[in-house]
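[1] below are the sequence and a predicted model; questions follow.
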Amino acid sequence: MNRAKTFPIERRGLLLVISSPSGAGKTTLTRRLLDSDPSITMSVSVTTRAPRPGEVDGKDYLFISMEKFNAMRDSGELLEWAEVFGNCYGTPKAPVQASLAVGRDVLFDIDWQGTQQLAQVMPEDLVRIFILPPSAEALQDRLIRRAQDSVVTVAKRMAEAAREISHWAEYDYVIVNHDLETSDREIRAILEAERLKRKRRTGLTAFVRALSEKL
């Protein structure tokens, strides 16, 4: 049986924000998504903090001085920025806008402060997911097992978690990360549905017009 050829319909990219308290599994979930989906790219933030073990400049973050950060912020080169635990983080504007224009999605690993700022400047492009831990005990356990932070820092992050979680209702979707496989599937389902939204499929008008002409 002959099958008609199918062609992808052009679409605008989207901004996918995944936020959570530290230790809730956000980093692992975002890496799984990036490794398996070639249509999404990670937004590389600038930060004034020092690299952690294993982090690569230009891949995990762009590590810059406070002076450089302030210059980028003041000149409007950042879509959003925030100060967290005494360090500053921000999203460079130009690469994000370039990706959206060619139909590539951009993944953000930012907190509620940055998400609020993105919602102010690019609300139509934004999809927000908040990751919750299954319990407070599980969150503390994950922070301790991560072994990247001191005991004092772990205590600070636990105290901060309550404030971060209080912003869950500002997000479009909320996932309780009981296990990575289920959470991974839920994130992919959200992303696929958002990609199919009519407002993002910029090529639909031309497609429907051509289709109608042949009916």
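    Thanks, I have the structure now. Numbers count the residues shown, from 1 in each chain.

[2] for Arg185, what are phi and psi?
    Arg185 has phi and psi values of phi -60, psi -40 when expressed as degrees, to the nearest 10.

[3] ranges for the helices of this structure?
    For the chain, the helices defined by DSSP state H occupy 26-36, 66-74, 93-101, 112-121, 136-146, 151-165, 180-195, 204-213.

[4] what's the fourth one packed up against?
    Secondary structure elements in contact with helix 112-121, counted by 3 or more Cβ pairs under 8 Å, 6 or more residues apart in numbering; DSSP states H and E, are strand 15-19, strand 78-84, strand 87-92, strand 105-108, strand 126-132. Every residue, glycine included, has its C-beta placed from N, CA and C.

[5] can you pull the contacts of Arg201?
    Residues in contact with Arg201 (Cβ atoms under 8 Å, 6 or more residues apart in numbering) are 9-11.

[6] drop anything exposed from those residues.
    Arg11 (16 or more other Cβ atoms under 10 Å).

[7] on that earlier part again, make JSON lines out of the helices of the chain and add mean pLDDT and distance to Tyr171.
    As requested, those are arranged in JSON lines below (pLDDT from 0 to 100; distance: least, Cβ to Cβ, whole Å):
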{"stretch": "helix 26-36", "mean pLDDT": "93", "distance to Tyr171": "12"}
{"stretch": "helix 66-74", "mean pLDDT": "96", "distance to Tyr171": "25"}
{"stretch": "helix 93-101", "mean pLDDT": "94", "distance to Tyr171": "19"}
{"stretch": "helix 112-121", "mean pLDDT": "93", "distance to Tyr171": "8"}
{"stretch": "helix 136-146", "mean pLDDT": "76", "distance to Tyr171": "18"}
{"stretch": "helix 151-165", "mean pLDDT": "81", "distance to Tyr171": "11"}
{"stretch": "helix 180-195", "mean pLDDT": "97", "distance to Tyr171": "11"}
{"stretch": "helix 204-213", "mean pLDDT": "94", "distance to Tyr171": "27"}
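
[8] I'd like these laid out as a markdown table, including mean neighbour count and distance to Gly54.
    Conversion of the helices of the chain to a markdown table gives the following (neighbours: other Cβ atoms under 10 Å; distance: least, Cβ to Cβ, whole Å):
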| stretch | mean neighbour count | distance to Gly54 |
| --- | --- | --- |
| helix 26-36 | 15 | 12 |
| helix 66-74 | 13 | 23 |
| helix 93-101 | 15 | 23 |
| helix 112-121 | 17 | 23 |
| helix 136-146 | 15 | 12 |
| helix 151-165 | 14 | 17 |
| helix 180-195 | 15 | 20 |
| helix 204-213 | 10 | 43 |
